[in-house]
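Novice: build me a structure from this.
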Amino acid sequence: VRLTYNFPKCLTSMYIFLCTGHTPLNKHLHCIKKSASTFCPHCPDIEETVHHYLLACLQYQRECHTLITTLGRRALSIQFLLSDPEATPHLIEFINALSRLRAVLGKV
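Specialist: Purely as a prediction, here's the structure:
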């Protein structure tokens, strides 16, 4: 919560979504009956979770590589990405490049 104290509302919402897993990604949307499937639209038979979205989806491999190149191996940790102030600007750039959450959050 301290990390998001001075953030704009849409950025705080993004962090809350990602930390809680209550995201507009298919794994959660299926739980609330808003998606017919839990699977990633780009990766057959793999659930679209926060971890998959940020670190494993083949559709976003180039953007993920850029994130890892910038932040090093620490970028492979969801905890680091969501709690370290050093990661924040890079995570925002990454999320904006993916555009998957833009329909809900707009550009963060």
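Novice: how near is residue 3 to residue 27?
Specialist: Distance of residue 3 to residue 27, given as Cβ to Cβ, to the nearest Å: 24 Å. Bear in mind the C-beta positions are built from the backbone N, C-alpha and C, glycine included.
Novice: oh sorry, the question was meant for residue 84
Specialist: Distance, residue 84 to residue 27, by Cβ to Cβ: 24 Å.
Novice: those two: which has the busier surroundings?
Specialist: residue 27 (20 against 16; other Cβ atoms under 10 Å).
Novice: tell me where the model's unsure across the chain.
Specialist: Residues of the chain that meet the criterion pLDDT under 70 lie in 1-2, 4-5, 105-106, 108.
Novice: make it 80
Specialist: Scanning the chain for pLDDT under 80 picks out 1-8, 10, 99-108.
Novice: can you give me the strands in it?
Specialist: Counting by DSSP state E, no segments of the chain form strands.
Novice: let me see the ranges of the helices in it.
Specialist: Assigned by DSSP state H, the helices in the chain fall at 9-20, 26-31, 50-51, 61-71, 78-83, 88-98, 102-105.
Novice: can you tell me what sits against the fourth one?
Specialist: Contacts of helix 61-71 from elsewhere in the structure, counted by Cβ atoms under 8 Å, 6 or more residues apart in numbering, are 54-57, 75-76, 80, 86-87, 90-91, 94, 97-98.
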